[in-house]
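Chemist: Sequence and predicted structure are below.
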Amino acid sequence: MWSLSEHTAVVPPPNLSESRTNILVADGDDHYRQLYSDLLQSEGFETFCAKDVDQALTVLRQGHIDLALVDGTMPKTNGMTICRELRSNPETRLIPILLFSSRKSTHGYEMKIEMGADADAFLVRPKSGTELITQVNALLERKHLSDDVETIEKLLLTLAQVVEAKNPYTAGHGHRVSRTALSLAVHIGLSSEDQELVRRGALLHDIGKVGIPDDILLKLGVLEGDERAIVKSHPLLGERICAPIDSFRPLLQIIRNHHERLDGSGYPDGLRGSQIPILTRIVSVADVFDALTTRRQYRDSFSRTQAIQQIRREAERGWWDLDVLHALEESMAKPPARHAM
């Protein structure tokens, strides 16, 4: 058994800090909860303790937490409730979770399945303070990288919104497409991971338009042949912008191929049928639906019913996925759902 005597430091009172790293210590065992908190504070971290799930959720909802240290067998439901809460909220989904169990396991994989796949690391109660601190530092380093990626993503989204805002007819297009696409993904029954890819991919699907000259992008009249070709290059430009970012790789097909059609008449690659993944098909239909239901300089907006009828005609011509269309029809028949963006 290890103790705080392995480390020496003055222990400050627990307090959420804007400048220091805040760690939630959620453990039903009073001894270990205090032991972990003292050790982490001796290493310069701020800790916030919870003895059960209700207290832990209260901490998470009150302020900024950088890492959660969670006892998977703690009272009131169990620690997996905390994991699900963190992963289901877009604002906390990137917070690292170190989940541990008081039960011994000879197979780490079995522990991962038993304790839940939402955690980032799994331990039987740490045998030493060094083991715990090593895991904490590794997870925090990964979080710093994730924070950098999230900052880049926010910057790209801002650029996309700036381009949309230049034209009153396209302002808010990305967010509307994302809401519709996410609703379709939920309705079809895609996994939570795929739902998140659809949401993010739809937000960024037109990012390539930042590279289209304003005199073409905002032109009121009919585009000439060369101008149309330049506008149609935006999926390739979008892919090029996002490709260097590792976490964006699952989004690249959505960004590159959201203008493809099942019959092969789309662009830029002329993909057909099963060559177009379901995530891309969903964003394509959501994109067309928003384009039709939004007023443009050359036509009035369609009603929802008119837009669905138009998409059905195009689907019957082989352009769009009929299953996605059915999901759109059914989701439009229900009251709009609120999704976190």
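Modeler: Arrived safely.
Chemist: Remind me what the helix or strand encompassing R61 packs against, helices and strands.
Modeler: Taking DSSP states H and E as the criterion, R61 maps to helix 53-62. Packed against helix 53-62 by the contact rule (3 or more CB pairs under 8 Å, 6 or more residues apart in numbering; DSSP states H and E) you find strand 22-26, strand 46-50, strand 67-71, helix 80-88. For every residue, glycine as well, the C-beta is placed using N, CA and C.
Chemist: So V283 is in contact with L197, correct?
Modeler: No. Assessed by CB atoms under 8 Å, V283 is found out of contact with L197, at 9.7 Å.
Chemist: Need the overlap of contacts for those two.
Modeler: Residues touching both V283 and L197 (CB atoms under 8 Å, 6 or more residues apart in numbering): I254.
Chemist: more crowded one of those two?
Modeler: V283 (32 against 21; other CB atoms under 10 Å).
Chemist: Run the angle between the helix or strand harbouring E153 and strand 22-26 for me.
Modeler: Under the criterion of DSSP H and E, E153 resides in helix 129-165. Angle, helix 129-165 to strand 22-26, by axes from the mean of the first three to the mean of the last three CA atoms, to 10 degrees: 120 degrees.
Chemist: Could you check the angle helix 129-165 makes with strand 67-71?
Modeler: Using the same axes, to 10 degrees: helix 129-165 against strand 67-71 is 130 degrees.
Chemist: helices or strands next to the helix or strand following helix 129-165 in the packing?
Modeler: Where DSSP H and E defines the elements, the next helix or strand beyond helix 129-165 is helix 173-188. The elements that helix 173-188 packs onto, with contact taken as 3+ CB pairs under 8 Å, 6+ apart, are helix 129-165, helix 192-203, helix 278-293, helix 322-332.
Chemist: so which of those is the most packed in?
Modeler: Highest mean neighbour count among the helices and strands packed on helix 173-188 (mean count of other CB atoms under 10 Å): helix 278-293, with a mean of 23.
Chemist: now the helix or strand following it and helix 278-293, what's the angle there?
Modeler: Tracing the chain C-terminally past helix 278-293 and defining elements by DSSP H and E, one meets helix 304-316 next. Here helix 304-316 runs at 130 degrees with respect to helix 278-293, directions being taken by the same axes, to 10 degrees.
Chemist: quick check, distance from helix 304-316 to the centre of its chain.
Modeler: 30 Å (CA atoms, centre = their mean, to the nearest Å).
Chemist: what angle separates it from helix 322-332?
Modeler: Using the same axes, to 10 degrees: helix 304-316 against helix 322-332 is 170 degrees.
Chemist: List the contacts of helix 304-316.
Modeler: Applying CB under 8 Å, 6+ apart, the contact partners of helix 304-316 are 285, 288-289, 292-293, 302, 320-322, 325, 328-329, 332.
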